[in-house]
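A.B. asks: What follows is a predicted structure for the sequence shown.
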Amino acid sequence: MLGIFLAVVVIIAGIVASCMLTALKEKTWKEWKKEWDYYNENPAYRSKPSDDEPDKSKVRLPFFAGVVLAAIIIIVSCLAIVPTGYTGILTTFGRVEDRTISSGFNFIAPWQQIVKMDNRTQKVQLSTSAFSSDIQQVDVAMSVNYCIDQATAQELYRTVGINYYDNVMFPRIQENTKAVFSQYSAENLIAKRDTLSDQIAEAMANDLKRYGITIVSVAIEDIDFTDAFTNAVEAKQVAAQNKLTAQTEQEQKTMEERAAAERAKIAAQADADKAIIAANADLEVVKVQAEAALYAGEKEAEMNKRISESLTPELTKYKWIAQWNGELPTTILSDDGSYMINLDDIKSSGYKNDGES
């Protein structure tokens, strides 16, 4: 359509230019028309036009130039280029045709138009708000990667238009984000960021599949809570940290006390074991000594027994004579051994033995 419009404009401009050239000779169009008719009726005079004769080439040249330029514009308008990664939607006076235009050079009618639909993976970044299951408001910064199916791009343009993101995608991104976030408490949202992204992507894929829009991925880039909730979470974390520190210190103290008690128990057991070992050693020594004494007594008794068995009156008398030093004893025992007699006392009293002379 634009090519036809430009062609008409060029033709009109050529006509206007030709009229202006004729006006330079200060002659009206009727006068030029009269002279042209004269020369057409008299061929003999055509070969040598006078200075006052009209030069028809000067009049026809702008017109023909305009026609040629208009033809070129029309031909160029029939060429359409569709870049790689795009689908060309062909329309005729605004009506969508049943066929699409592939990438590269294509020829179309001057009254037709091509709308380019991008089939490459596109990325959009947006911010929205949602509420957690415990009614905490959060601001969400996220990005969505998506692409348009080439086979259904024509239907998408026919039913939705080229502003499919604003008309279809953005409302469903907000709706699915709110629905997924409402399933989790505020404290679990940050820890479940990957899960949230996957669930939003899955929900959006189901909603946009009928439009031929494929969700490649969804990324939750930031989750921002209100200041009041952030302060409450920080206070709770500080209290939990303090509690953990106190528990750790108490457990450390209990561990140290148990270790000290265990060491004392081990030391006491070691002392008891040492005492038992020492007592057993002493007992063993006493036992050995007793056994030695018993052995010595038995040995001595055995010797005495042997000695007593080997003694005879003659041997006793012999031993007594052998050990006598030639001196008379100063004391003697009675026959029954009940008393002892001092011979020196008897001598000093003048007692004489009956056997002495």
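C.D. replies: Perfect, thanks for sending it.
A.B. asks: Show me what the helix or strand hosting Ala279 packs onto, helices and strands only.
C.D. replies: Using DSSP states H and E, Ala279 maps to helix 227-310. Packing partners of helix 227-310 (3 or more Cβ pairs under 8 Å, 6 or more residues apart in numbering; DSSP states H and E): helix 186-189. In this view, the C-beta of every residue, glycine as well, is placed from N, C-alpha and C.
A.B. asks: Which neighbouring elements make contact with the helix it packs on?
C.D. replies: helix 227-310.
A.B. asks: Do a quick rundown of the helices in the chain.
C.D. replies: 2-23, 29-41, 56-77, 153-159, 164, 170-181, 186-189, 193-208, 227-310, 313-323, 343-348 (DSSP state H).
A.B. asks: ok, back up a step: what is the mean pLDDT for the helix holding Ala279?
C.D. replies: Averaging pLDDT along helix 227-310 yields 78.
A.B. asks: Over to stretch 128-146?
C.D. replies: 90.
A.B. asks: Can you list the buried residues in that stretch?
C.D. replies: Across stretch 128-146, burial judged by 16 or more other Cβ atoms under 10 Å covers Thr128, Ala130, Ser132, Gln136, Val138, Val140, Met142, Val144, Tyr146.
A.B. asks: Let me know the distance separating Lys116 from Gly212.
C.D. replies: 16 Å (Cβ to Cβ, to the nearest Å).
A.B. asks: what's the neighbour count on Asp222?
C.D. replies: 11 (other Cβ atoms under 10 Å).
A.B. asks: swap that for Ala322, sorry
C.D. replies: 7.
A.B. asks: now the one 10 residues further on
C.D. replies: Per other Cβ under 10 Å, the neighbour tally for Ile332 reads 12.
A.B. asks: Spatially nearest residue to it, not counting backbone neighbours?
C.D. replies: Ile341 (5.2 Å; Cβ to Cβ, 6 or more residues apart in numbering).
A.B. asks: how near is the one you found to Leu283?
C.D. replies: Taken as Cβ to Cβ, the span from Ile341 to Leu283 is 52 Å.
A.B. asks: which one of the buried residues of stretch 128-146 is nearest Ser197?
C.D. replies: In terms of Cβ to Cβ, no member of the buried residues of stretch 128-146 lies closer to Ser197 than Met142, at 7.9 Å.
A.B. asks: follow-up on the earlier one: close enough to count as contact, the residue nearest to Ile332 and Thr331?
C.D. replies: Yes - using Cβ atoms under 8 Å, Ile341 is in contact with Thr331, at 6.6 Å.
A.B. asks: So if we follow the domain assignment, how does the chain break up?
C.D. replies: Domain assignment for the chain by automatic domain parsing gives 2-77, 81-117, 119-228, 250-286.
A.B. asks: And the second one, end to end?
C.D. replies: Using Cα to Cα, to the nearest Å, one end of domain 81-117 lies 13 Å from the other.
A.B. asks: Only the buried residues of it, if you could.
C.D. replies: 82, 86-91, 96, 100-101, 108, 110, 112-117.
A.B. asks: Now that domain: average pLDDT?
C.D. replies: 79.
A.B. asks: got CSV for the buried residues of stretch 128-146, with distance to Ala219 too?
C.D. replies: As requested, the buried residues of stretch 128-146 are exported to CSV (distance: Cβ to Cβ, whole Å):
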residue, distance to Ala219
Thr128, 14
Ala130, 16
Ser132, 19
Gln136, 22
Val138, 16
Val140, 11
Met142, 6
Val144, 8
Tyr146, 12
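A.B. asks: per-residue confidence for Lys347?
C.D. replies: For Lys347, the model assigns a pLDDT of 63.
A.B. asks: Could you list the buried residues of stretch 283-292?
C.D. replies: Buried residues in stretch 283-292 (16+ other Cβ under 10 Å): none.
A.B. asks: Relative to Ala296, which of the domains of the chain is closest?
C.D. replies: Counting by Cβ to Cβ, Ala296 lies closest to domain 250-286 out of these; the figure is 14.9 Å.
A.B. asks: for the closest one, which positions count as buried?
C.D. replies: Under the neighbour-count criterion of 16+ other Cβ under 10 Å, domain 250-286 has nothing buried.
A.B. asks: and Leu208, what is it in contact with?
C.D. replies: Leu208 makes contact with Tyr146, Val168, Met169, Arg172, Thr214, Ile215 under the criterion Cβ atoms under 8 Å, 6 or more residues apart in numbering.
A.B. asks: Count residues in the vicinity of the fourth one, would you?
C.D. replies: Residues contacting Arg172 under the criterion other Cβ under 10 Å number 18.
A.B. asks: how far away is it from Asp198?
C.D. replies: Taking Cβ to Cβ, one finds Arg172 at 16 Å from Asp198.
A.B. asks: What pLDDT is listed against Ser334?
C.D. replies: 67.
A.B. asks: In this model Arg120 seems to touch Asn145, though I could be wrong.
C.D. replies: No - at 10.6 Å, Asn145 does not count as touching Arg120 under the criterion of Cβ under 8 Å.
A.B. asks: what sits in contact with each of the two?
C.D. replies: With Cβ under 8 Å, 6+ apart as the test, Asn145 and Arg120 reach no residue in common.
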